[in-house]
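Here you go, sequence then predicted model.
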Amino acid sequence: MKVVISVGGSILVPSDIDTAYIKDFAKLANELSNKHKIAIVTGGGRTARKYISPAREFGASEIFCDMIGISATRLNARLLSAAIGDKANMEPPREFMTAMKAFDFGKLVVMGGTHPGHSTDAVSALLAEYVGADLLINASDVDGIYDKDPGKHKDAKRYERIPIDKLVDMVKSYSAGAGKYELVDILAAKIIQRSKTRTIFVNGRDLKNLKNAIEGKKFTGTVVENGG
Ligand code: UTP
C-alpha cells in the first residue's frame, strides 16, 4: 500500500521535543516501510506557535507568520528524518513532484509544509492525492473526530465514521490564522472530499493503534466516508 501519514506537531513537540516518542514513531515508520510505501508530513507543533505568536505581536502579516510556521514544520521533518535514519530523505521536499520522485525511488519520504495559507493536513491530503495513496492517516493528539471539542466538553462523542460533507461543513467556519488550525483545515477536508482518498483520523500517540489502523485491524478512531 501507499500510505501518507500526517503527524501533528502537537505530538512531536507537545511542550518540548518528545524524543522518546519520535524514536518510537521512527521505529514504526521503518518497520511499516518494509511492507508499504510510506510518506510522512510533520506539523509544526509548539515550535510553530512559539515563533508565530511574537512575530504577530511585532506586526507580521499572516502570510509571514505562515512562512515561520512552515519553517517549524520543516525543522520537525528534519528531526524525524534524523530519527528514521538512512531510509529517509535528509532535505524535506518543498514540492510534491520532488516528494514523488523520492517516494518512487524507495525513500521513506518526510516533509513539512509547502505554501502559506493552509496547514500540513492539507499538504498530506494533496500529497496523498498526488501519489495516489491507498490510505491517508491523520494522526493528532485526539482520538478521532468528535461532535464537539473533547478538550472543552466532557460529553463530546467521537464519530466512528463521518460523512465527508459533514466534516467539510464542520470545519468551514474554523480559523485559518497562522498556527491556529483546529481539527483539520478546510482545504484538507475539500481535498479529501474530491480525491476520495481513504482517510482515517487517529490518536498518533498510541502507536499500536496507529499501526492497527494502517494494517486493517481493529482500531479506535474515525473513518471518513468519502467513497474511498
Ligand atoms: P501545522 O500543520 O502544524 O498547523 O503548521 P496546525 O494544525 O496549526 O498545528 P498542529 O498540527 O496542531 O501542530 C503550522 C503552521 O505553519 C503554517 C500555518 O500557519 C500552520 O498553522 N503552514 C504549515 C503553512 O502556512 N503552510 C503549510 O503548508 C504548512
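Looks like it came in fine.

buried sites along the host helix or strand of Arg194?
Assessed by DSSP states H and E, Arg194 sits inside helix 186-195. Across helix 186-195, burial judged by 16 or more other C-beta atoms under 10 Å covers Ile186, Leu187, Ala188, Ala189, Lys190, Ile191, Ile192, Gln193, Ser195. The C-beta positions use only the backbone N, C-alpha and C, and glycine is treated the same way.

Please report how far the residue nearest to Gln193 when sequence neighbours are not counted lies from the ligand.
Of all residues not flanking Gln193 in the chain, Ile164 sits nearest, at 4.6 Å (C-beta to C-beta, 6 or more residues apart in numbering). Taking C-beta to the nearest ligand atom, to the nearest Å as the measure, Ile164 falls 19 Å from the ligand.

In contact with Ile164, which residues?
For Ile164, the contact set (C-beta atoms under 8 Å, 6 or more residues apart in numbering) comprises Ala189, Ile192, Gln193, Val224, Glu225, Asn226.

With Thr47 instead?
Taking C-beta under 8 Å, 6+ apart as the criterion, Thr47 is in contact with Gly9, Val13, Ala72, Leu75, Asn76.

Tell me who's in contact with the second one.
Right, Val13. For Val13, the contact set (C-beta under 8 Å, 6+ apart) comprises Gly44, Gly45, Arg46, Thr47, Asn76.

From Thr42, how far out is it?
Remark: distance between Val13 and Thr42 (C-beta to C-beta, to the nearest Å) = 9 Å.

likewise the last one?
In this structure, Asn76 and Thr42 are separated by 4 Å, where distance is defined by C-beta to C-beta.

between the two, who's got more neighbours?
Thr42 (33 against 28; other C-beta atoms under 10 Å).

Model confidence for that one, exactly?
Per-residue confidence at Thr42 stands at 98 (pLDDT).

Lys148 too?
With respect to pLDDT, Lys148 has a value of 89.

I'd say it and Ala156 touch.
Yes - the criterion here is C-beta atoms under 8 Å, and Lys148 meets it with Ala156 at 4.7 Å.

between these two, what contacts are shared?
By C-beta under 8 Å, 6+ apart, no residue touches both Lys148 and Ala156.

ok, the residue in the chain positioned nearest to the ligand - contacts?
Nearest residue of the chain to the ligand: Gly69, at 2.0 Å (C-beta to the nearest ligand atom). By C-beta under 8 Å, 6+ apart, the contact list for Gly69 reads Gly44, Ala48, Tyr51, Ile52, Gly113, Ala178, Gly179.

Right, I'll leave it there.
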